[in-house]
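Enquirer: sequence unknown, structure follows:
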């Protein structure tokens, strides 16, 4: 009987000891939450390249994406091209300034939607509701500057932010 009691006590102490070690090396969910790290991305600009009126055959919409890194922004662009003649035929419009504006806004919207879809497919989660104002940039000026941010004055547009868990 005494032997059984000693074995029981040591077994009980062993279980408590192993449980304590396990709890020490296995962090709680609150501790895991503290160690959670996020990475962030932003859609900073959505615009279209407005070609000269006499050379309209395609209109290009562009969305700029910045993956925020400690070393700076890793830039990428999503481009969408719209065949202007096909667009006019599809919507049954004559070639006018208003038709060019409509086509330009449409191609910008498609580029923006593609950027949202790409980020979503890559595991990015939208943080806030998008509020974008699409802009026009002359193709001639666009090709002159490497830093495209010179074209944009932020008024009614807010950047669209995303986050995902860091691997």
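Expert: Structure's in. What do you need? Bear in mind the structure is a predicted one, so any value in this text is a computation, not a measurement.

Enquirer: the domain parsing of the chain - what is it?
Expert: Taking automatic domain parsing as the reference, the chain has its domains at 2-34, 37-165.

Enquirer: for those, which has the smallest mean pLDDT value?
Expert: Within the domains of the chain, confidence is poorest for domain 2-34, with a mean of 53 (mean pLDDT).

Enquirer: can you tell me the SS state at residue 118?
Expert: helix (DSSP: H, G, I helix; E, B strand; the rest coil).

Enquirer: strands of the chain, start to end?
Expert: 38-50, 58-69, 72-83, 125-126, 135-138, 160-165 (DSSP state E).

Enquirer: okay if I get the ones you listed as a markdown table plus distance to residue 89?
Expert: Every C-beta, even on glycine, is put in place using the N, C-alpha and C of the backbone. Listed next are those as a markdown table, based on distance: least, C-beta to C-beta, whole Å:
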| stretch | distance to residue 89 |
| --- | --- |
| strand 38-50 | 20 |
| strand 58-69 | 14 |
| strand 72-83 | 9 |
| strand 125-126 | 35 |
| strand 135-138 | 23 |
| strand 160-165 | 33 |
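
Enquirer: hang on, residue 124 packs against residue 161?
Expert: No - judged on C-beta atoms under 8 Å, residue 124 makes no contact with residue 161 at a distance of 9.5 Å.

Enquirer: any common contacting residues for these two?
Expert: Here residue 124 and residue 161 share the contacting residues residue 41, scored by C-beta atoms under 8 Å, 6 or more residues apart in numbering.

Enquirer: contacts only, for residue 71.
Expert: If you count contacts by C-beta under 8 Å, 6+ apart, then residue 71 has nothing around it.

Enquirer: angles on the backbone of it, please.
Expert: When read as degrees, to the nearest 10, the backbone of residue 71 gives phi -80, psi 0.

Enquirer: ok, it to residue 126 distance?
Expert: 25 Å (C-beta to C-beta, to the nearest Å).

Enquirer: one more: residue 107?
Expert: Distance from residue 107 to residue 126, by C-beta to C-beta: 22 Å.

Enquirer: have a look at the two and say which one is more surrounded.
Expert: Applying other C-beta atoms under 10 Å to residue 107 and residue 126 shows that residue 107 carries more neighbours, namely 25 against 14.

Enquirer: excluding chain neighbours, give the residue nearest to that one in space.
Expert: residue 61 (3.6 Å; C-beta to C-beta, 6 or more residues apart in numbering).

Enquirer: ok, that neighbour to residue 51 distance?
Expert: Distance, residue 61 to residue 51, using C-beta to C-beta: 12 Å.
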